[in-house]
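J.: For reference, the sequence and a predicted model appear below.
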Amino acid sequence: KETRRHNPTIEKSEIVRAVIVRTCKEIKRNSGITLKFNDNAAVIIDKNKNPKGTRIFGIITQELRKL
């Protein structure tokens, strides 16, 4: 079973800003290709729009890699 470390900077039920990086809903590109992921995922960001974490696990789209 996966164990997670307690993060004191984010409390339970706290509202935070995040960028959605994967969705189960299909994404259609201009080239006609559709993408669909198995899960929803987001990256938590601070007020300066910098990510709180240092790594993103799993795959992300090419559009996000360019940012």
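T.: Nice, I can see it.
J.: which residues sit in contact with Leu35?
T.: Glu26, Ile27, Lys28, Arg29, Thr61 (C-beta atoms under 8 Å, 6 or more residues apart in numbering). All C-beta atoms are positioned from the backbone trio N, CA, C, and that covers glycine.
J.: The same query, at a cut-off of 7 Å, please.
T.: Residues counted as contacts of Leu35 (C-beta atoms under 7 Å, 6 or more residues apart in numbering) are Glu26, Ile27, Thr61.
J.: again with Arg22
T.: Arg22 touches Phe37, Asp39, Asn40, Ala41, Gly58, Ile60, counting by C-beta under 7 Å, 6+ apart.
J.: buried subset of these?
T.: Neighbour-count burial (16 or more other C-beta atoms under 10 Å) applied to the contacts of Arg22 gives Phe37, Ala41.
J.: Out of the contacts of Arg22, list just those in strands.
T.: Using DSSP state E, the members of these that fall in strands are Ala41.
J.: What is the nearest of the contacts of Arg22 to Lys49?
T.: For the contacts of Arg22, the residue nearest Lys49 by C-beta to C-beta is Ile60; the value is 16.6 Å.
J.: is it true that that closest one touches Val21?
T.: Yes. Contact criterion C-beta atoms under 7 Å: Ile60 and Val21 qualify, at 4.8 Å.
J.: What are the boundaries of the helices in the chain?
T.: Counting by DSSP state H, the chain has helices at residues 62-66.
J.: where in it is pLDDT low?
T.: 1-8, 67 (pLDDT under 70).
J.: can you give me the strands in it?
T.: 17-22, 27-28, 34-35, 41-45.
J.: do you know which of these lies nearest Glu11?
T.: Glu11 sits nearest to strand 41-45 of all the strands of the chain, at 12.6 Å, using C-beta to C-beta.
J.: Which other helices and strands does that closest one contact?
T.: strand 17-22 (3 or more C-beta pairs under 7 Å, 6 or more residues apart in numbering; DSSP states H and E).
J.: Good, we can wrap up now.
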